[in-house]
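K.L.:
3D, please:
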Amino acid sequence: MHDDRRIVEARLRRVLEERIRPAVHTAPRPLTVERWEAPGEPVPVAEALTAPYEPAAPGAEWGPAWGTTWFRVTGRVPAEWAGRTVEAVLDLGFDRDMPGFQCEGLVHRADGSTVKGLSPRNAWVPVARPAAGGEAVELLVEAASNPVLNTPQTPTYQGDVRTAHDRPLYRLGRMDLAVFEAGVWELVQDLEVAGGLMHELPVEDARRWELLRAVERALDAVDLSDVPGSAGRAREHLAGVLSAPARASAHRISAVGHAHIDSAWLWPLRETVRKVARTAANMVALMDEHPEFVFAMSQAQQFAWLKEHRPELYARVRKKVADGQFVPVGGMWVESDTNMVGGEAMARQFLHGKKFFLDEFGVETREVWLPDSFGYTAALPQLVRLAGAEWFLTQKISWSETNPFPHHTFWWEGIDGTRVFTHFPPVDTYNSDLSPRELAHAARNYREKGAASRSLVPFGWGDGGGGATREMLARAARQADLEGSPRVAVERPSAFFGQAHEEYGGPGQAPVWAGELYLERHRGTYTSQARTKQGNRHSESLLREAELWSATAALRRAGYAYPYERLDRLWKTVLLHQFHDILPGSSIAWVHREARETYARVRAELEEITGAAQRALAGEGGQELVFNGAPHARDGVPAGGAAPRARTGAAVTVAERDGGGWVLENGLLRVGVDRRGLVVSAVDLASGRDAIAPGAAGNLLQTHPDFPNAWDAWDVDAFYRHNVTDLTGADAVSLSAGGATGGEPATVRVVRSFGDSSVVQLLTLRPGSRVLEIDTEVDWRETETFLKAAFPLDVKADRSAAETQFGHVFRATHVNTSWDAAKFEICAHRWVQVEEPGWGVALVNDSTYGHDVTRDVRAEDGGQTTTVRLSLLRAPRYPDPETDHGLHRMRCALAPGAGIGDAVREGHRINLPERTVRGAGAPVAPLVSVTGEQVVVEAVKLAEDRSGDVVVRLYESHGGRARTTLTPGFATAGVAVTDLLERPLGGADGRPEPAADGSLELTLRPFQILTLRLTPA
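P.N.:
Numbers count the residues shown, from 1 in each chain. Below is the predicted model of the structure:
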């Protein structure tokens, strides 16, 4: 037989696209169209119902960027369509090549109730099934003219309503009533599956030829002049090949309906509220028609938006949740970033997310669902389990550019040893359309072959694409048991995880991956949009203080009311802004402008809450009282308490340095600053060791060209290091304070200019301090430039330690393997530390996350220089063309001689500065205290259930076993160990027995998180 594959395949493509698919909707009748331009921001449907409409027609231009146009379409079903299925086809001007990322619509009935969303690949609306003939049709479409910003990825000012142009972006397409030809639609699905599967099979496979010949016979049976009349005959030729059962060993796929909706990204938060409504309306409508359909939706925040803004639609969602079709997953407030979110904030993501699902639906989510975040902290497995979840899902690691991840189903082990059963869908997308091509890729790509046999596929268009479609469900049904295809079952995520765990989760079966899941891409997100990151870090610290002092005041001062509602609202605001395109700095200018404004409001309100509590605790009077919100004592003030300051430490002396500059010394450190304003020595006087490498200088600002191959705000590529400029020139270097006998600090002020930018730095040494503080203020006006601060250290370190949530991670400083080399930019929270046995150096910061650590051997003396650099600022031009332009202030500190414990302490101190309040002068004892520095008190608050119980969260911070005594500063009637939702845990350790004085003897394993609930007597 001659090989005519290409001819038949080309015939299929043309006939399907030009004849059969257009015949799905026949006999179109134009609808009457009217329009109303909503002024400003979106309005409720009630306002649109009574608005003044003007005539419109297909072909009309509409929609300035970020505007809303309401279209009213009216008509009547022809009498001759009685008994037929009638649909409206409403094309807002869609580009079908993009399933989302453009204009969208939400369709309402004349009474204002929602029908479904409109999107490029889901532009039909049900009208009558079947029609009686003569029915009046009236629909109202809220159309959003969102600009296309995802392609090309070039600088644009369309990303903010304040800078976008006001020209129309879209042209209205067809607005018709039409007959829905079910037989033709079914033929389209048959041909797509048969043709798609055919392409995935080897040419040598007889099954491919069976499909080819069946497709050819079906095309022969199609009358191109009467597709609806011949569709049934054509389908008969495909019935046999589409009913052949799959092989016994076929890969098994659990297909889960899904729509990944970024809570902000190339659109503002307010538009996400509408995207969620459109998608939810689509999904409940699809569930009404397909009781077998299951749709999983994460992010409690998005459910909360539905509840607030679309209560009628939310009621339908709740009904579908109760029916088991609409499945809440994830158990987090949003799909957050996990690299930069603080430890306590990550715990609150679970607390508020799971609590919402329990309160609203009675659902205990068991899977953590984070398909798109940019890497995953090694602290996450313990938090997942402490939140009462069992499983973890992501897809993003498939984006890594250097090393393919070796597993798809495995046990993931965190820094404390906790393991969580984890799955990476081998389909390599969280927006699958269930095409044979994607399912074949999932089966081929699956790395657990021979040991396990199943994977999960999230299917549905996200980010405004409207979710799953009836076409996807048709593909799932045809591939449920089909020769040559994986077996497909539409089911809940829990069904997949339960089966996968039973098949592969036993001892010695699934492999174990220990440590972080580092994404070898998007490393620039540790630095982009510095003010957003600073707002997050400062808000986390302020929330800690507001809770600590409010809880202390509530227990110590009669009548003081703990601000439950305010703290709940503020926490949820901060958690929302930890979404994985807001905190990482990868959203449009509008998002980050609003984030800055929000963080300013959050700060002001938290300062007010903290101030009120501290004033209540201080009492009336004029004596100075120092409040210490950090978890370690300082200057005689206990952790979590208040007392008059106890002056400690020798005065700082200042001497001129040979060659220019100054030497600052306080009996603990001796710091040399040269005439360029660079730190040329930092001697730990206890050991006599200089932290700065011989001949080198610390606090060296450096710039690099920063133009990655793609994904400007997201990526830095390793080649940025090929070019560097050291900023050694100084406009002025002066001693602005110092030379003290009265306990004053000494400060060197350095001013530099470079490019269009300038920087002012204050280098300060205080009495009794073991750190050199560096306060940096930058007026940043560069573009596509990376600013770093380098500290070349005289330390032989093969690895660095970097703080993460509730602990730290070690990373190699060498590049022995491709895995090591790929981590050329790393994330750290409050500190990075390097050491050789017995001595180390730490760098602590108040708002910086990006770092890099490298090593080199000096030719002069053979010693090793380990260089730690802080990534201060970037200036990508997409999606925000003016990223980070403006004034920034950031603080860091160099700690010579610092071990891990010192880094932990100094990291907290720089982020939780002391506060001075005038009052009666009586000390305020801590609400809880622990012995030693190894165990850190992370949070002190009152319980969410408003019982008045005190919740205390602790963790072991050094990476070793720890024993500590916890002493409450109040009489207790009971104590329980709880999960993150403050629910008592069972087992022998669930209710520790206090000593006679109320203290508790506790033992923690390395990096263990322990939550205690103390009931006041």
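K.L.:
show me where the stretch 701-850 of the chain has helices.
P.N.:
Defined through DSSP state H, counting those that start in this stretch, the helices belonging to the stretch 701-850 of the chain, from first to last, are 818-822.
K.L.:
what residue ranges in it score low on pLDDT?
P.N.:
Residues of the stretch 701-850 of the chain that meet the criterion pLDDT under 70 lie in 738-742.
K.L.:
redo that, cut-off 50
P.N.:
Low-confidence segments of the stretch 701-850 of the chain, defined by pLDDT under 50, are located at 740.
K.L.:
just the chain next, same as before
P.N.:
Residues of the chain meeting the criterion pLDDT under 50: 740.
K.L.:
show me what the longest helix belonging to it is packed up against.
P.N.:
Taking DSSP state H as the criterion, the chain has its longest helix at helix 589-618. Counting contacts by 3 or more Cβ pairs under 8 Å, 6 or more residues apart in numbering; DSSP states H and E, helix 589-618 packs against helix 530-556, helix 564-576, strand 623-628, strand 641-643, strand 915-919. Where C-beta positions appear, they are placed from N, C-alpha and C, glycine not excepted.
K.L.:
turn those into a markdown table, including mean neighbour count.
P.N.:
A markdown table is the format used below for the helices and strands packed on helix 589-618 (neighbours: other Cβ atoms under 10 Å):
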| stretch | mean neighbour count |
| --- | --- |
| helix 530-556 | 23 |
| helix 564-576 | 18 |
| strand 623-628 | 20 |
| strand 641-643 | 23 |
| strand 915-919 | 16 |
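K.L.:
so Ser800 bridges to which residues?
P.N.:
Following DSSP bridges, Ser800 is listed with bridge partners Arg811, Val834.
K.L.:
got a list of what it touches?
P.N.:
Contact partners of Ser800, counting by Cβ atoms under 8 Å, 6 or more residues apart in numbering, are Phe810, Arg811, Thr813, Ile826, Val832, Gln833, Val834, Val853, Thr866, Val868.
K.L.:
how close does the nearest residue to Thr394 once chain neighbours are set aside sit to His260?
P.N.:
Nearest in space to Thr394, with sequence neighbours left out and distances taken as Cβ to Cβ, 6 or more residues apart in numbering, is Leu370 at 5.1 Å. To His260, Leu370 is 11 Å away according to Cβ to Cβ, to the nearest Å.
K.L.:
and Glu993, by the same measure?
P.N.:
As defined by Cβ to Cβ, Glu993 lies at a distance of 48 Å from His260.
K.L.:
between these two, which has more neighbouring residues?
P.N.:
Neighbours of Glu993 and His260, each counted by other Cβ atoms under 10 Å, are more numerous for His260; the result is 23 against 7.
K.L.:
let's verify the more buried one: helix, strand, or coil?
P.N.:
Assigned state for His260: coil (three-state reduction, DSSP: H, G, I helix; E, B strand; the rest coil).
K.L.:
begin at 9 from now on, thanks
P.N.:
Got it, the first residue is 9 from now on, which makes the last one we talked about His268.
K.L.:
residue contacts, it?
P.N.:
With contact set as Cβ under 8 Å, 6+ apart, His268 has these partners: Pro379, Asp380, Tyr438, Asn439, Pro466, Gly470, Asp471.
K.L.:
for the fourth one, what are its contacts?
P.N.:
I take that to be Asn439. Pro107, His266, His268, Pro466, Phe467, Gly468, Trp469, Gly470, Gly473.
K.L.:
may I see the buried residues of the helix or strand containing Ala903?
P.N.:
With secondary structure defined by DSSP states H and E, Ala903 is part of strand 894-904. Of the residues in strand 894-904, those scored as buried under the neighbour-count criterion (16 or more other Cβ atoms under 10 Å) are His896, Met898, Arg899, Cys900, Ala901, Leu902, Ala903, Pro904.
K.L.:
starting from that strand, tell me which strands it pairs with and how they run.
P.N.:
Partner strands for strand 894-904, per DSSP bridges, with pairing direction: strand 780-788 (antiparallel), strand 847-853 (antiparallel).
K.L.:
so which of the ones you listed gets nearest Ala229?
P.N.:
Proximity to Ala229, assessed across these by Cβ to Cβ, is greatest for strand 780-788 (67.6 Å).
K.L.:
all helices of the stretch 109-258 of the chain, in order?
P.N.:
For the stretch 109-258 of the chain, the helices defined by DSSP H, counting those that start in this stretch occupy 190-208, 214-229, 235-247.
K.L.:
packing partners for the second one?
P.N.:
Okay, so that is helix 214-229. helix 13-23, helix 190-208, helix 235-247.
K.L.:
to Ala947, which of these lies closest?
P.N.:
helix 190-208 (52.1 Å).
K.L.:
got the buried residues for that closest one?
P.N.:
Neighbour counts using 16+ other Cβ under 10 Å place 191-206, 208 of helix 190-208 among the buried residues.
K.L.:
determine how far the last residue of stretch 368-376 lies from the first.
P.N.:
Looking at stretch 368-376, the gap from its leading to its trailing residue is 18 Å under the measure Cα to Cα, to the nearest Å.
K.L.:
make TSV from the buried residues of strand 894-904 and add distance to Glu632 to it.
P.N.:
TSV is the format used below for the buried residues of strand 894-904 (distance: Cβ to Cβ, whole Å):
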residue	distance to Glu632
His896	32
Met898	29
Arg899	24
Cys900	28
Ala901	25
Leu902	30
Ala903	28
Pro904	31
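K.L.:
please identify which of those is nearest to Asn853.
P.N.:
After measuring these against Asn853 - Cβ to Cβ - the closest member comes out as Cys900, at 4.3 Å.
K.L.:
chain neighbours aside, what residue packs nearest to the closest one?
P.N.:
If the residues on either side of it in the chain are set aside, Cys900 comes closest to Asn853, at 4.3 Å by Cβ to Cβ, 6+ apart.
K.L.:
how about the contacts of Asn439, which pair is most distant?
P.N.:
Spatially, the most separated pair among those is Pro107 and Pro466, at 14.0 Å (Cβ to Cβ).
K.L.:
and those two? Which one has more around it.
P.N.:
Shown here are Pro107 and Pro466; by other Cβ under 10 Å, Pro466 has more neighbours (26 against 22).
K.L.:
Leu490: what's it in contact with?
P.N.:
By Cβ under 8 Å, 6+ apart, the contact set of Leu490 is Val201, Leu205, Leu250, Ala252, Pro253, Ala254.
K.L.:
now it: which helix or strand?
P.N.:
Taking DSSP H and E as the definition, one finds Leu490 inside no helix or strand.
K.L.:
just His509 next, same as before
P.N.:
Mapping His509 onto the secondary structure by DSSP H and E places it in helix 501-512.
K.L.:
contact partners of that helix?
P.N.:
Helix 501-512 is contacted by residues 262, 264, 304, 335, 337, 374-375, 377, 398-399, 401, 417, 429, 431, 456, 459-462, 464, 497, 518 when judged by Cβ under 8 Å, 6+ apart.
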